[in-house]
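A.B. asks: generate a structure from the sequence data that follows.
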Amino acid sequence: MATKLNAETAAHEQLELFSASRLPLKPYYTPSDREGKPYDEIGDPGDYPFTRGFHKTAYNKTPWMMQQVLGAGNADETREIMDRLVTEGMEGYFGHAVFNVVFDNPTKGGIDPDRAEAKGHVGVGGMNFSHLDDIRRLVKDLPLDKINLSMITGDTCLIALAMYAVAAEEAGYEPQQLRGNSMNWLLKSFCVDNPDFPPRNAQKLVVQLIKYCTENMPYWNTTNFSGYLIREAGCSGVQELAFTLAWGISTIQACVDAGLDVDAFAPRLGFQIAFHNDFFEEIAKLRALRRMWAKVLKERFGATNPRAMHARVHIHTAGDTLLAQQPQNNIVRVALQALGSMLAGVQSVHSCAYTETLQIPNEEQARLALRTQQIVLHETGGAKVADPLGGSWYLEQLTDDIEARAWEIIDEIDGMGGFVASIESGWVKSQIVDELFETQDRINDGELVRVGLNKYEVEEAAETKPDVFTVDPAIEQEAIRRITEWKANRDQDEVQRRLEEVRRAAAADDYLMPKLIDAVKAKATQGEIMDVFKDVYGWGFVTN
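C.D. replies: Predicted coordinates:
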């Protein structure tokens, strides 16, 4: 018997096991893997370095925000979706309604609907807005001091914030009463294939938004460092962690250089992270993120406010894990990713609809995505205990391994002169592209199994495809009619005067937000303001 057991042990030790990020794994873990490693490096929930989360009470007092992405058509259609989701139980902290509004591509690029470049894209994949009345319609009669409005506006985030501030003021609310998020993803050219501002000028605009909100909107979350965008571009989980942290480090340094107090602005920074298929690696990645961010803020930037050290995380279940083949299988993938997000102790979650690889979800599909989170919260029992997997020999070692590998990448970026310099050189994008092709090779070879794609394939009948969500073409014509009417009923000289003030402030690196608010009040459109930005800061495809 002893000989047989020894042979089995030897066979196990010869296995070549790796996580999705190709971190070497052992067949099993024991207390010896944790020998000599102090517990303080993990800590209790609620204690520095926050590996195990920020709260000792887990989700018992404060559930995570079920922050489903929504938006289609014009403001009226999007408002209908918002109201419906509230009736279906989409709530955030303390019952606050949470509206995570995505905007269409013309809006994200600052292109008004009456321009030729917008044709065929208005209201598709998100809400279209171009002027103040669109925001008025979106938030009409809402209790703006009690909702959270997240605006996924791409490169127009400063302009969108100015429009929301003006619409709120008209409704009787002060900026300091408003709650929500600006994604502030301006420094993203390395992971998207859209026109963008050059990285250094993008960083300037990021700081402008953080400065205004720190001084005027204390409940507004100013920036989400989007590991999700990076992961969707093709990188590994370890690279996602390292590049996202490097993005955050760069932004903090830029804010400190601009004279902002890290303990004042850092509590309103956050992360949008993908939860991918490798269940334990993804949980370990999120625990490592909390620990590394706390160390960065305390040791590198001298933060003393514990809230400044919190890596608050919004999870977007990974869209690139969803398959067109046997799409119902995606329901299982999303459920596991939502479950893992809960076990990792995140602050908010968007769960994808199972059809998102094929189309914009219809009402039934979007409801199922929300119900997935609600079942995970109420029926699994996992939300009752903080960090329920903490102390697992495997998970703790995997967390350490991910952290160590991520620090190596961050050190390499620091050696290049920082994250902006590494973007400008093309190095970050090359790392992502190389990983993307290597991953695809592993899928093609069958090394990475994708159920329904390279294993367990079946012949699918056309009638099994889900119903398609469509956007009425009349929406584009209505958007054009509204902006035409908007431009016809304003003082054109006043608009030009305010736009020139924006231009002068941008060119001189002066404080922008007061000038943007004045331009919005004069009825300048988003596209007109964005044209000024593009002219001053530069605009185009970043070739590196």
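A.B. asks: measure the closest residue to Asn224 other than its chain neighbours to Thr222 for me?
C.D. replies: Distance criterion CB to CB, 6 or more residues apart in numbering; nearest residue to Asn224, sequence neighbours excluded, is Gln272 at 4.4 Å. (C-beta placed from N, C-alpha, C; glycine too.) Per CB to CB, to the nearest Å, Gln272 is found 13 Å from Thr222.
A.B. asks: state the three-state secondary structure for the residue nearest to Asn224.
C.D. replies: Using DSSP: H, G, I helix; E, B strand; the rest coil, the three-state assignment for Gln272 comes out as strand.
A.B. asks: I'd assumed Tyr228 was in contact with it.
C.D. replies: Yes - the pair Gln272 and Tyr228 qualifies as a contact (CB atoms under 8 Å) at a distance of 4.7 Å.
A.B. asks: mutual contacts of the two, please.
C.D. replies: Counting by CB atoms under 8 Å, 6 or more residues apart in numbering, the common neighbours of Gln272 and Tyr228 are His316.
A.B. asks: which helix or strand contains the nearest residue to Ala162 once chain neighbours are set aside?
C.D. replies: Nearest residue to Ala162 in three dimensions, chain neighbours excluded: Leu516, at 3.9 Å (CB to CB, 6+ apart). Assigned by DSSP states H and E, Leu516 belongs to helix 513-521.
A.B. asks: Phe243: neighbour count?
C.D. replies: Look at Phe243: counted by other CB atoms under 10 Å, it has 29 neighbours.
A.B. asks: quick one on the thing from earlier: following the helix holding Leu516, which helix or strand comes up?
C.D. replies: Following helix 513-521 in sequence, per DSSP H and E, is helix 526-537.
A.B. asks: so what secondary structure elements neighbour that next one?
C.D. replies: Applying 3 or more CB pairs under 8 Å, 6 or more residues apart in numbering; DSSP states H and E, we find helix 526-537 packed against helix 157-170, helix 199-216, helix 492-507, helix 513-521.
A.B. asks: okay, and Phe225 sits in which element?
C.D. replies: Per DSSP H and E: strand 223-226 holds Phe225.
A.B. asks: what does that strand contact?
C.D. replies: Strand 223-226 has contacts (CB under 8 Å, 6+ apart) with 181-185, 188, 206, 209-210, 244-245, 247-248, 251, 268-272, 314.
A.B. asks: so where's the longest helix in this protein?
C.D. replies: Ordering each helix of the chain by length in residues (DSSP state H) puts helix 393-415 first.
A.B. asks: quick one: residues in contact with that helix.
C.D. replies: So helix 393-415 is contacted by 19, 21, 23, 25, 28-31, 33-34, 37, 42, 51, 237-239, 241-243, 245-246, 249, 280-281, 283-285, 287-288, 291-292, 389-390, 419, 422, 428 (CB under 8 Å, 6+ apart).
A.B. asks: and it, average pLDDT?
C.D. replies: Helix 393-415 shows a mean pLDDT of 98.
A.B. asks: pull out the buried positions in that helix.
C.D. replies: Buried residues in helix 393-415, counted by 16 or more other CB atoms under 10 Å: 394-403, 405-407, 409-410, 413.
A.B. asks: any idea how far that helix is from the chain center?
C.D. replies: Relative to its parent chain, helix 393-415 has a centroid offset of 21 Å by CA atoms, centre = their mean, to the nearest Å.
A.B. asks: output the following helix or strand past that helix as PDB, nothing but the C-alphas.
C.D. replies: Where DSSP H and E defines the elements, the next helix or strand beyond helix 393-415 is helix 419-424. Presented in PDB, the C-alpha positions along helix 419-424 are these (Å, rounded to 0.1, in the frame of the first residue of the first chain):
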ATOM      1  CA  PHE A 419       2.600  54.400 -17.100                       C
ATOM      2  CA  VAL A 420       2.100  57.200 -19.500                       C
ATOM      3  CA  ALA A 421       5.600  56.800 -20.900                       C
ATOM      4  CA  SER A 422       5.000  53.000 -21.300                       C
ATOM      5  CA  ILE A 423       1.800  53.800 -23.200                       C
ATOM      6  CA  GLU A 424       3.500  56.300 -25.400                       C
END
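A.B. asks: and the angle for the next helix or strand after helix 419-424 with helix 199-216?
C.D. replies: Moving toward the C-terminus from helix 419-424, the next helix or strand (DSSP H and E) is helix 427-444. Taking axes from the mean of the first three to the mean of the last three CA atoms, to 10 degrees, helix 427-444 and helix 199-216 form an angle of 100 degrees between their directions.
A.B. asks: run the chain-centre distance for helix 427-444.
C.D. replies: With CA atoms, centre = their mean as the basis, helix 427-444 stands 21 Å off its chain's centre.
A.B. asks: check which residues of the helix or strand just after that helix are buried.
C.D. replies: Proceeding N to C from helix 427-444, the next assigned helix or strand is helix 474-488, under DSSP H and E. Within helix 474-488, the residues that count as buried by 16+ other CB under 10 Å are 475-476, 478-480, 482-483, 486-487.
A.B. asks: go on, stretch 323-334?
C.D. replies: Within stretch 323-334, the residues scored as buried using 16+ other CB under 10 Å are 323, 325, 327, 329-331, 333-334.
A.B. asks: residues contacting stretch 264-272, please?
C.D. replies: Identification of contacts with stretch 264-272 by CB under 8 Å, 6+ apart yields 181, 183, 210-211, 213-214, 218, 220-229, 244, 248, 251-252, 255, 289, 297, 301, 303, 305, 307-316, 347.
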